[in-house]
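1. Here is my input; please provide its structure:
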Amino acid sequence: MLFDSNLIIYAAQPEHASLRNFIAREVPCVSVVSKVETLGYHALEKEEKRLLAAFFDAADVLPVSDSTVSAAIRLRQKRRMSLGDALIAGTALSYGLELATRNVEDFLWIDELVVFDPFSSS
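-> Presented below is the predicted three-dimensional model:
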């Protein structure tokens with residue numbers, strides 16, 4: 001399962017312990033794009049940065065491969081979407097992973113992508 005950037009951000013917040021438990025039960029895979037999106041946020045507090053860095057150290061951070069790029073291009077040719085979302089969806093598709101995200105609606109139109117919202121199952 002590939003975790004979208006928004007879940008990583010939510011998990012760093014104290015009120016989302018159930019999400020942290022869910023992530024701990026899974027083998028955390030993330031796109032390198034999520035690493036850039038979260039750690040690259042300009043207003044991170046020192047403790048947030050430390051927690052996020054520890055998460056990425058423990059996670060399987062997947063690179064943007066040629067197949068990821070091809071999938072992202074194909075998706076953006078079909079419909080307008082952000083570069084980050086296209087690369088994250090492309091990563092899930094190219095590695096054959098389900099995408100866990102809070103923003104399910106952004107990806108539902110991608111027929112070949114299995115999308116899951118861990119908040120809706122808690």
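
2. wait, what's in contact with residue 44?
-> Residues near residue 44 by C-beta atoms under 8 Å, 6 or more residues apart in numbering: residue 52. (C-beta placed from N, C-alpha, C; glycine too.)

3. So it versus residue 32, what's the distance?
-> For residue 44, the distance to residue 32 equals 18 Å [C-beta to C-beta, to the nearest Å].

4. Next: residue 53.
-> Distance from residue 53 to residue 32, counting by C-beta to C-beta: 14 Å.

5. what's the pLDDT at the residue located most distally from the centre of the chain?
-> Distance from the centre of the chain peaks at residue 46, with 21.9 Å (C-alpha atoms, centre = their mean). For residue 46, the model assigns a pLDDT of 90.

6. go on, residue 27?
-> What the model reports as pLDDT for residue 27 is 74.

7. Then residue 122?
-> Here, the pLDDT recorded for residue 122 equals 50.

8. what about this protein, any weak spots by pLDDT?
-> Residue ranges of the chain with pLDDT under 70: 121-122.

9. Now for the residue nearest to the spatial centre of it: which residues touch it?
-> For the chain, residue 4 is the residue whose C-alpha lies nearest the centre (C-alpha atoms, centre = their mean; 1.6 Å). For residue 4, the contact set (C-beta under 8 Å, 6+ apart) comprises 34, 88, 99, 100, 101, 102, 103.

10. Considering these, which possesses the most neighbours?
-> Counting neighbours by other C-beta atoms under 10 Å, the top entry in the contacts of residue 4 is residue 88, with 30 neighbours.
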